[in-house]
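Trainee: Structure, please.
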Amino acid sequence: MKNEKTKEFIGEKTVMLIKPDGVKRGLIGECIKRVEQRGLKVIALKMIMATEEQARKHYPGTDQWISGMGQKTLETYAKYCKDPIGEIGTDDPLKIGSMIYDWNVELFTSGPVVAILISGIHAIDMVRKIVGKTIPAFAEMGTIRGDYSVDSPALANEAKRAIRNIVHASGDTIEATHEVTHWFTPQEIYDYTRSEEDVMF
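Mentor: Numbering: from 1, shown residues only. Coordinates of the predicted model:
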């Protein structure tokens, strides 16, 4: 009989979103398969057309977060010897981050999104490991992004669009807590026991 602490430990929750580019490429089943074969449990699943408000509120949207995205982009430009002013007209991290924020919202609302709520031991870290690093070029082979995406920030910025990296996965406990309530109602979440849980845990 598992005690409450054990249940809490193995019941950590995280959100994976299969973005419109992943849905359009027929990768829904592949993404779910990779989660389930690791022993993680799908406890909610739905396909939706996200509204602009849903897409925008998915992200923190603070100036600090927006500037952080812009700074990462500037670092990518520096790495590949590209001029941000020549490419997108500014080298201000906040302005660049605001552009990327808008592009991400455009991607999220460009087609159906599959929202998946996952639970299991170290679910947040495990799903991040399964999907791979945000920039596909840095994602390891064997991860979803490493196997199925070749997009780059430089190319995406040049085309004034978001990186097409197939999936989103909650980055930490704070993100996961927000995303669970943002994308799912309590009535959509189910608790059950996978057949191998007694053996694995």
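Trainee: Give me the residue at the spatial middle of the chain.
Mentor: Taking CA atoms, centre = their mean as the criterion, His168 is the residue nearest the geometric centre of the chain, at 1.2 Å.
Trainee: List phi and psi for it.
Mentor: phi -120, psi 140 (degrees, to the nearest 10).
Trainee: For it, give me its contacts.
Mentor: Val15, Met16, Leu17, Lys19, His58 (CB atoms under 8 Å, 6 or more residues apart in numbering). In short, each C-beta sits where N, CA and C put it, glycine included.
Trainee: Beta-bridge partners for it, please?
Mentor: Beta bridges link His168 to Leu17 when assigned by DSSP bridges.
Trainee: Would you quantify the distance from it to Met49?
Mentor: 16 Å (CB to CB, to the nearest Å).
Trainee: How about the backbone phi and psi for the closest residue to Met16 other than its chain neighbours?
Mentor: Of all residues not flanking Met16 in the chain, Ile116 sits nearest, at 4.5 Å (CB to CB, 6 or more residues apart in numbering). With angles defined as degrees, to the nearest 10, Ile116 sits at phi -130, psi 130.
Trainee: Just give me the neighbour total for Ile116.
Mentor: A count of nearby residues for Ile116, using other CB atoms under 10 Å, gives 24.
Trainee: Ok, the one 10 residues further on next?
Mentor: Under the neighbour criterion other CB under 10 Å, Met126 is assigned a count of 19.
Trainee: what about it, which helix or strand?
Mentor: Met126 is part of helix 123-131 when elements are defined by DSSP states H and E.
Trainee: Compute the distance between the residue nearest to the centre of the chain and Glu106, please.
Mentor: Distance from His168 to Glu106, by CB to CB: 15 Å.
Trainee: now the residue nearest to Met16, which residues is it bridged with?
Mentor: Met16, Leu45.
Trainee: on that earlier part again, got the contacts of His168 as JSON lines, with neighbour count, distance to Gly97 and pLDDT columns?
Mentor: Conversion of these to JSON lines gives the following (neighbours: other CB atoms under 10 Å; distance: CB to CB, whole Å; pLDDT from 0 to 100):
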{"residue": "Val15", "neighbour count": "26", "distance to Gly97": "22", "pLDDT": "98"}
{"residue": "Met16", "neighbour count": "27", "distance to Gly97": "24", "pLDDT": "98"}
{"residue": "Leu17", "neighbour count": "23", "distance to Gly97": "20", "pLDDT": "98"}
{"residue": "Lys19", "neighbour count": "25", "distance to Gly97": "19", "pLDDT": "98"}
{"residue": "His58", "neighbour count": "21", "distance to Gly97": "15", "pLDDT": "96"}
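Trainee: on that earlier part again, show the contacting residues for the residue nearest to Met16.
Mentor: Val15, Met16, Leu17, Ile18, Cys31, Ile32, Val35, Val42, Ala44, Leu45.
Trainee: Now with 6 Å, please.
Mentor: The contact partners of Ile116, by CB atoms under 6 Å, 6 or more residues apart in numbering, come to Met16, Val42, Leu45.
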